[in-house]
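1. With the input below, show me the fold.
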Amino acid sequence: MTAIVRIDDEMIGVDEFVRVLKLTGQFEGLVEQLVRDKLTVHAARRQGVKLAPEDVQERADQFRRVHGLHRAADMNHYLDALNITLDEFESFITDSLYQEKMMEQVGTDQAVETYFQLNSPKFDSIEVSHIVVDTEGKAKELVSYLQDDPDAFAEMAREHSIADTREQGGDIGKVLRGSLKGDIEAKVFNAEAGDLLGPFPAPDKSFFEVFLVRAKHPARLDPDVTVEIRRLLREEWLMARAQEHVIEAR
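-> Residues are numbered from 1 along each chain as shown. I've put the predicted structure just below:
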């Protein structure tokens, strides 16, 4: 048994470590990240991505500085304590650079611009508030009241809502498409600023939700949207790479 740690005379090995990860729901996430990293490295090497020796050295030096390993002896002790060889450390550094450079190619400014032009409606956003109550009767009473006095929405949210947004007057803030439940989202995004919508019941009718559309914003390639598009490009690229390999969980 390969031991990870010892508590007195009890040895905790790799098998028990993996078992705990699985039972606590952490195993799949770690495996998924490892697969994503390896797929990216394989693709980078296959596409001939080049790493300059000085880039590798700079990244290794950065790692040492972050961990306070200022002398060669400090670095050696650090790796020995982790039972990691210098070659394994260099491989880790090299792979991390391959991943970064590959992702830079996937999420170029031109790729972001093209994706936005083809999918701009996806990045329309709205500013919306909501009130959540536990009965349909309360929800209908609120809708009736707010139709006569829409400016009282924030006050009614603070007084009646059971959502964690109550202290903010029900303000959810600016949201993109895909941030709300499908049946609600279509109606909210098709509404006009100032429209009151609902009540919408939960599937089990344990709560009812009323929405107020406060503002609408047509899609714009701002920094937030750019970050989201780069994330989407990475996800699409990784899914395509996964199709090129046989991946089996053990």
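2. Now do the strands in this protein.
-> In order along the chain, the chain carries the following strands (DSSP state E): 3-7, 10-13, 125-133, 171-176, 196-201, 208-217.
3. To Gln33, which of the ones you listed lies closest?
-> In terms of Cβ to Cβ, the element of those nearest to Gln33 is strand 3-7, at 19.5 Å. Backbone N, C-alpha and C define where each C-beta goes, glycine included.
4. what comes into contact with the closest one?
-> Met11, Ile12, Gly13, Val14, Phe17 (Cβ atoms under 8 Å, 6 or more residues apart in numbering).
5. likewise stretch 163-181?
-> With contacts defined as Cβ under 8 Å, 6+ apart, stretch 163-181 is touched by 121-132, 153-158, 161, 185, 188-189, 200, 212, 217, 225, 228.
6. cutoff 6 Å now
-> Lys122, Ser125, Glu127, Val128, Ser129, His130, Ile131, Val132, Ala154, Ala157, Arg158, Ser161 (Cβ atoms under 6 Å, 6 or more residues apart in numbering).
7. dump the residue contacts of Ser125.
-> Contacts here follow Cβ under 6 Å, 6+ apart; on that basis Ser125 touches Lys174, Leu176, His217.
8. can you list the domain ranges for this structure.
-> The record's domain parsing of the chain by the TED database lists 3-107, 125-217.
9. separation between Arg19 and Ala3?
-> The gap separating Arg19 from Ala3 is 15 Å, by Cβ to Cβ, to the nearest Å.
10. ugh, wrong one, Leu180
-> Taking Cβ to Cβ, one finds Leu180 at 49 Å from Ala3.
11. higher neighbour count, these two?
-> Between Leu180 and Ala3, counted using other Cβ atoms under 10 Å, Leu180 has the larger neighbour count: 21 against 12.
12. With Ile172 as the reference, measure out to the more buried one.
-> To Ile172, Leu180 is 9 Å away according to Cβ to Cβ.
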